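Asks: coordinates only, sequence not included:
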């Protein structure tokens, strides 16, 4: 199938893009890398009269370390995020998650902001944003506001963005000290959407107690999830007293809307999810202990 007819617009600035979005209203959609939107248009799963392409808005394509955060412009491609030395040093979870996103062609065209704004429950960057308490910047005719990742994902492919808002950047906190990170996911084939997956960040104090923990889950609900019961259970606990299997079980204990489809039943996804959390926890804890 082919997409229904639409008008194509290419603004040069964020201000111009925001103006267009306000002018066209519900008949407009932001296009960044197009790796999620274009297939949906081609299959006639959605339609918009106006597409506003922000891929060449230069102010949305940058990576900037600002004190204890890394700010990444919304139109920055996955490939650049995955190759950037500053990101690798400051936000290793993004570097580790990037190779799991589709194939290299998708990573070349797809963008960080587009992936997060699309709010797919199996999206790797969305899970990282949740685990690290990232902050989303949204710009509208009223100015720019900040949205915490915990409040951003509201439903299947739904976010807290207002109809006239554009996601312009995401700020990721920089973890310092004795930290370790892990990313694990399971898919039928490399490049497929994950049946279940997990991203884990751990920070240890001088006594090897867990001082901070972030666990993001993907493919295990109608939105990306954060395993807050598991995080709370291990914080302040000596890492040697924590078993990976228990962390996996605790991470699944909060889930009430695990999907069931042709890829597997809800119980199957839950078992796989627990195993992915356990593996990511082990990967992160080994790194933290050796830091």
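Replies: Arrived safely. In this text, all values refer to a predicted model and were calculated from it rather than measured experimentally. Numbers count the residues shown, from 1 in each chain.
Asks: CA atoms for contacts and neighbours, from now on please.
Replies: Fine.
Asks: Please list all residues in contact with residue 71.
Replies: 63, 64, 65, 169, 170, 171, 172 (Cα atoms under 8 Å, 6 or more residues apart in numbering).
Asks: buried set for stretch 133-144?
Replies: Going by neighbour count (16 or more other Cα atoms under 10 Å), the buried part of stretch 133-144 is 133, 134, 135, 136, 137, 138, 139, 140.
Asks: Is the third one bridged to anything, and to what?
Replies: The reference is to residue 135. residue 148, residue 171 (DSSP bridges).
Asks: My read is that it contacts residue 152, right?
Replies: No - Residue 135 is beyond contact range of residue 152, at 9.0 Å (criterion: Cα atoms under 8 Å).
Asks: Lowest-scoring secondary structure element of this protein by mean pLDDT?
Replies: Ranked by mean pLDDT, DSSP states H and E, the weakest helix or strand in the chain is helix 37-42, scoring a mean of 85.
Asks: next helix or strand past it?
Replies: strand 50-53 (DSSP states H and E).
Asks: hmm, who's touching that following strand?
Replies: 6-11, 17, 20-21, 24, 27-32.
Asks: Including pLDDT and distance to residue 279, could the contacts of residue 71 go into a markdown table?
Replies: Shown next, in a markdown table, are the contacts of residue 71 (pLDDT from 0 to 100; distance: Cα to Cα, whole Å):
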| residue | pLDDT | distance to residue 279 |
| --- | --- | --- |
| 63 | 97 | 30 |
| 64 | 97 | 31 |
| 65 | 94 | 30 |
| 169 | 98 | 31 |
| 170 | 98 | 27 |
| 171 | 98 | 27 |
| 172 | 98 | 23 |
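Asks: The residues you listed: which two are farthest apart?
Replies: Maximum pairwise distance among these (Cα to Cα): 12.7 Å, between 65 and 169.
Asks: For the two, indicate the residue with more neighbours.
Replies: residue 169 (25 against 16; other Cα atoms under 10 Å).
Asks: which residues sit in contact with that one?
Replies: Shown in contact with residue 169 (Cα under 8 Å, 6+ apart): 60, 71, 72, 73, 74, 113, 136, 137, 138.
Asks: if you set the cut-off to 6 Å instead, what comes out?
Replies: When contacts are counted by Cα atoms under 6 Å, 6 or more residues apart in numbering, residue 169 touches 72, 73, 74, 137.
Asks: Just the buried ones from the contacts of residue 71?
Replies: For the contacts of residue 71, buried by 16+ other Cα under 10 Å: 63, 65, 169, 170, 171, 172.
Asks: Am I right that residue 49 is in contact with residue 6?
Replies: Yes - Residue 49 is within contact range of residue 6, at 4.6 Å (criterion: Cα atoms under 6 Å).
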